[in-house]
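Trainee: here is my input, please return the structure:
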Amino acid sequence: MSYDLVVCGVGGQGVLTMAGVIDHAIHDAGLQLKQSEVHGMAQRGGAVSAFVRISDQPVASDLIADGTASMVLSVEPMEALRYVPLLRPDGWIVTDITPMVNVDNYPALPALYDVLFSAPRLVALDAVLLAKKAGSIKVQNTVVLGAAASHLPFPAELIEHQLHALFRRKGERIVNANINAFRMGDAASRFAAALLAAGVASPVLARVLPRIAFEPHAVSEPSAAAWSRRLLREDAAELAQRLFDANEALAPDAVPT
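Mentor: Residues are numbered from 1 along each chain as shown. Sure thing, here's the model as predicted:
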């Protein structure tokens, strides 16, 4: 077994914290890893990334070749697109859609989203929305980590264990905010996988998923089935664009008519 993961974002978003939590979970799972990091600029706003190579055998190199990554996990949408050339054809992109405009030539958001949302295997969510709901804007990265969990080659419970260990010295409120954020992201990702499996088009789902205010538990099967039926109708693309443009949070069971 081998699994190559790119973790990326910009300075101040907790990219290397995410990578560290993943690393410890890998060890707990009895797997092996090698990791390399790019810190970018020291101050907030510089590009930051980590390459995490996971295997059940010794890993020889910490570099990920073009076309071999199983996932690009990002806290920033443009940074997600930066690493698409590394992604294998059946690889996943998991990303927050919230931009951090840190360069003068940052692309126009409609154009950026058009490219991002065309990815066939994408979990794009509003991690800031869910972080606020979980109790702290600072857990944005944990939401994205949760959205990746079901696609990683070890149990999600190992990541939760590491979140408890990392944040328990900061008190119960911070622990709970991180656990809730993680579970919201996980609920979003599992919901997305179910709808894609039902035949919902990825560009449609990509515009709807960020507008759902997920709870820290799985979406009920009846609600997921109702969303699938709605997003398989002929006007699904039009509805999805309208929901995305409205930028209003929907409850998971509030399926539009």
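
Trainee: does anything pack onto the longest helix seen in the chain? Which helices or strands?
Mentor: Assignment by DSSP state H gives helix 172-197 as the longest helix of the chain. Applying 3 or more Cβ pairs under 8 Å, 6 or more residues apart in numbering; DSSP states H and E, we find helix 172-197 packed against strand 122-125, helix 127-134, helix 140-149, helix 156-167, helix 202-208, helix 221-231. Every residue, glycine included, has its C-beta placed from N, CA and C.

Trainee: now the fourth one: buried residues?
Mentor: It refers to helix 156-167. 156, 158, 159, 160, 162, 163, 166, 167 (16 or more other Cβ atoms under 10 Å).

Trainee: can you check the last one too?
Mentor: Neighbour-count burial for helix 221-231 flags 223, 224, 226, 227, 228, 230, 231 (criterion: 16+ other Cβ under 10 Å).

Trainee: give me the angle between that helix and helix 172-197.
Mentor: 50 degrees (axes from the mean of the first three to the mean of the last three Cα atoms, to 10 degrees).

Trainee: tell me the angle the helix or strand immediately after helix 221-231 in the chain makes with helix 221-231.
Mentor: Sequence order places helix 236-246 as the next helix or strand after helix 221-231, per DSSP states H and E. Helix 236-246 and helix 221-231 are oriented at 110 degrees to each other (the same axes, to 10 degrees).

Trainee: what's the mean pLDDT across helix 236-246?
Mentor: In this model, helix 236-246 has a mean pLDDT of 97.

Trainee: circling back to that earlier point, out of the buried residues of helix 221-231, which one sits closest to residue 213?
Mentor: Using Cβ to Cβ, residue 223 comes nearest to residue 213 of those, at 12.8 Å.

Trainee: contacting residues for the closest residue to that closest one other than its chain neighbours?
Mentor: Excluding its sequence neighbours, the residue lying closest to residue 223 (Cβ to Cβ, 6 or more residues apart in numbering) is residue 253, at 4.5 Å. Counting by Cβ atoms under 8 Å, 6 or more residues apart in numbering, residue 253 touches 219, 220, 223, 226.

Trainee: correct me, but the last one touches residue 255?
Mentor: Yes: Residue 226 sits in contact with residue 255 when judged by Cβ atoms under 8 Å, with a separation of 4.5 Å.

Trainee: follow-up on the earlier one: mind putting the helices and strands packed on helix 172-197 in a markdown table, distance to residue 30 and mean pLDDT included?
Mentor: A markdown table is the format used below for the helices and strands packed on helix 172-197 (distance: least, Cβ to Cβ, whole Å; pLDDT from 0 to 100):
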| stretch | distance to residue 30 | mean pLDDT |
| --- | --- | --- |
| strand 122-125 | 27 | 97 |
| helix 127-134 | 30 | 97 |
| helix 140-149 | 18 | 98 |
| helix 156-167 | 10 | 97 |
| helix 202-208 | 34 | 98 |
| helix 221-231 | 33 | 97 |
